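Q: this is a predicted model, with the sequence first.
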Amino acid sequence: MYYLKQKNYDEFTCIADKCPENCCSFWQIMVDDESLSKYEKMAEADDRIRNALDIQGKCFRQTDGGCNFLDPDGLCHLQRTYGETALCDTCRSYPRHVEEFENVREYTLTLSCPEAARMLLNDTSPMELVISEDDEDEEFEDFDYILYDKLTEAREKIKNFVQDRSIDILTRMKAMLVFAKELQEKLDDDDIFGMDDVQLMSGETSDSDPLKTEVFDSAFEFERLKHISSVLFRLEPLHDDWMDIAGGIWDKVFSDSAELEKVKALMERHAVPAEQILMFFVYTYFCGAVYDDWIYSKIAIAVYSTIWIFCMLYAGGGDCAAGSDQITGTFSHNETDSLIKAAWSYARETEHSDVNLDLLEGWFMDNM
Ligand code: SF4
């Protein structure tokens, strides 16, 4: 078995009561069966557990949008009283994310955790997955190993291109979309080995294919981006503020094409964290296309999520000279810290809702 782990994965430590918005807020925490029976027994001697546990719903009850185990000081009653081993699978593993493929496990730290987002976006070295191996062997029924192989090769091409800092970040992003569209067309035509021939175009090496050039040139055109971004209003709001955030982006960024140009300039100014966000989404989701054949939507999620995170930063911070805003709230007045907050706020809205992820993927496939 191969294990691919995000660099710094093992260095993650929860900052608990210092966290600006801990993971016990807003999300419904589902409890695995083993933990549920353990809690049922513990509840006989602990009123707090009895009141917090929703046995039928297999989850923890919430009060005012927070888990009932959350104490006023921001710490967890379960962990404080019984130690980390008392936590259910969800609480013990978060923010660690695992993708499972035949004989491969890929581990990343989700961007929705403020500390994981800080670690990633403050790191200026390229994001990597570190490989290790053991003698474990497994077989998945109907696993398409050939497609998985092609996807990992394509992901390597994306990585090499996206982490080439001699190319401006917007060019890198546009090229990702063209590349993904071409890969998708090969797969849809059952030309799986043709995926080997697909390359990323830089835009500077004027490509002879006018269709590819058109996709490249129109990718971030104002009306197209405005249309793509209208999906933000259709997301299931997981946080009370989501509709205000989406409305803020709409009013500020999509009121005038000159505003969008300022967002693009902001991305160029923060090209390194933009690259880290792109690679986070690529590493976390791209190879999942082996299960649903949707390649384009995985890359579109990476590209447009990165743009929307910068739109959040811009919409919240005016011209972002100070980086202070309603999005960053009291978190920080530093522009990079504001970007980190925009990143985890966005990821909270999308990454932990299958409804929202499915909606985004379907939207991108319809608007390829
Ligand atoms: S969101 Fe991350 S840093 Fe915050 S409490 Fe949860 S695991 Fe800890």
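A: That came in fine, so what should we check first? Computed from a predicted model, the values in this text were never measured in an experiment.
Q: next to the ligand, which bits of this structure? Give me the list.
A: 14-16, 19, 22-23, 94-95, 113-115 (CB under 6 Å from any ligand atom). C-beta coordinates here come from the backbone N, C-alpha and C atoms, glycine included.
Q: can you lay out the residues you listed as TSV showing neighbour count?
A: Listed next are these as TSV, based on neighbours: other CB atoms under 10 Å:
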residue	neighbour count
14	17
15	14
16	14
19	15
22	21
23	22
94	20
95	20
113	26
114	24
115	20
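Q: now, these that are in strands?
A: Within the residues of the chain next to the ligand, no residue falls in strands by DSSP state E.
Q: what comes up buried for the lowest-mean-pLDDT helix or strand in the chain?
A: Using mean pLDDT, DSSP states H and E, the weakest-scoring helix or strand in the chain turns out to be helix 210-218, at a mean of 80. Residues of helix 210-218 classed as buried by neighbour count (16 or more other CB atoms under 10 Å): 212, 215-216.
Q: then stretch 65-85?
A: 66-70, 74, 76-79.
Q: stretch 304-318 now?
A: 304-317.
Q: can I get it in PDB, CA atoms only?
A: C-alpha atoms of stretch 304-318 as PDB (Å, rounded to 0.1, in the frame of the first residue of the first chain):
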ATOM      1  CA  TYR A 304     -13.100  29.000  -9.200                       C
ATOM      2  CA  SER A 305     -12.800  28.400  -5.500                       C
ATOM      3  CA  THR A 306      -9.500  30.100  -5.500                       C
ATOM      4  CA  ILE A 307     -11.000  33.100  -7.400                       C
ATOM      5  CA  TRP A 308     -14.000  33.200  -5.000                       C
ATOM      6  CA  ILE A 309     -11.700  33.200  -1.900                       C
ATOM      7  CA  PHE A 310     -10.000  36.200  -3.400                       C
ATOM      8  CA  CYS A 311     -13.300  37.800  -4.200                       C
ATOM      9  CA  MET A 312     -14.300  37.300  -0.500                       C
ATOM     10  CA  LEU A 313     -11.000  39.000   0.500                       C
ATOM     11  CA  TYR A 314     -11.600  41.900  -1.900                       C
ATOM     12  CA  ALA A 315     -15.300  42.300  -1.100                       C
ATOM     13  CA  GLY A 316     -14.600  42.400   2.500                       C
ATOM     14  CA  GLY A 317     -11.700  44.700   2.400                       C
ATOM     15  CA  GLY A 318     -12.500  47.400  -0.100                       C
END
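Q: now the helices for the stretch 101-250 of the chain?
A: For the stretch 101-250 of the chain, applying DSSP state H, counting those that start in this stretch gives helices covering 114-121, 145-162, 169-188, 210-218, 222-229, 242-253.
Q: now the last one and helix 222-229, what's the angle there?
A: Read it as helix 242-253. Orientation check (axes from the mean of the first three to the mean of the last three CA atoms, to 10 degrees): helix 242-253 against helix 222-229 gives 180 degrees.
Q: what's next to helix 242-253, contact-wise?
A: Contact partners of helix 242-253, identified using CB atoms under 8 Å, 6 or more residues apart in numbering, comprise 229, 232-233, 235, 237, 259-260, 263, 308, 311-312, 314-316, 326-327, 345, 349.
Q: right, and the helix or strand after it?
A: helix 257-269 (DSSP states H and E).
Q: coming back round to it: okay if I get the buried residues of stretch 65-85 as a markdown table plus pLDDT and secondary structure?
A: Formatted as a markdown table, these follow (pLDDT from 0 to 100; DSSP: H, G, I helix; E, B strand; the rest coil):
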| residue | pLDDT | secondary structure |
| --- | --- | --- |
| 66 | 82 | strand |
| 67 | 87 | strand |
| 68 | 89 | coil |
| 69 | 89 | coil |
| 70 | 87 | strand |
| 74 | 80 | coil |
| 76 | 87 | strand |
| 77 | 88 | helix |
| 78 | 90 | helix |
| 79 | 88 | helix |
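Q: turn these into TSV, columns for distance to residue 366.
A: Formatted as TSV, those follow (distance: CB to CB, whole Å):
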residue	distance to residue 366
66	36
67	36
68	40
69	41
70	39
74	42
76	41
77	45
78	43
79	43
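Q: just the closest of these to the ligand, please.
A: Checking the buried residues of stretch 65-85 against the ligand by CB to the nearest ligand atom gives residue 74 as the nearest, at 7.8 Å.
Q: isn't the closest one up against residue 20?
A: No: look at residue 74 against residue 20 with CB atoms under 8 Å: they stay out of range, at 10.0 Å.
Q: what is in contact with those two at once?
A: Counting by CB under 8 Å, 6+ apart, nothing touches both residue 74 and residue 20.
Q: pick out the residue in the stretch 51-200 of the chain sitting closest to the ligand.
A: Counting by CB to the nearest ligand atom, the stretch 51-200 of the chain gets nearest to the ligand through residue 113 (3.4 Å).
Q: please name whichever of the buried residues of stretch 304-318 scores lowest on pLDDT.
A: Among those, residue 317 has the lowest pLDDT, at 57.
Q: contacting residues around residue 365?
A: Here residue 365 is in contact with 294, 296-297 (CB under 8 Å, 6+ apart).
Q: before we move on, the earlier item: ok, the buried residues of stretch 65-85 vs residue 164, which is closest?
A: The closest of these to residue 164 turns out to be residue 74 (CB to CB; 41.4 Å).
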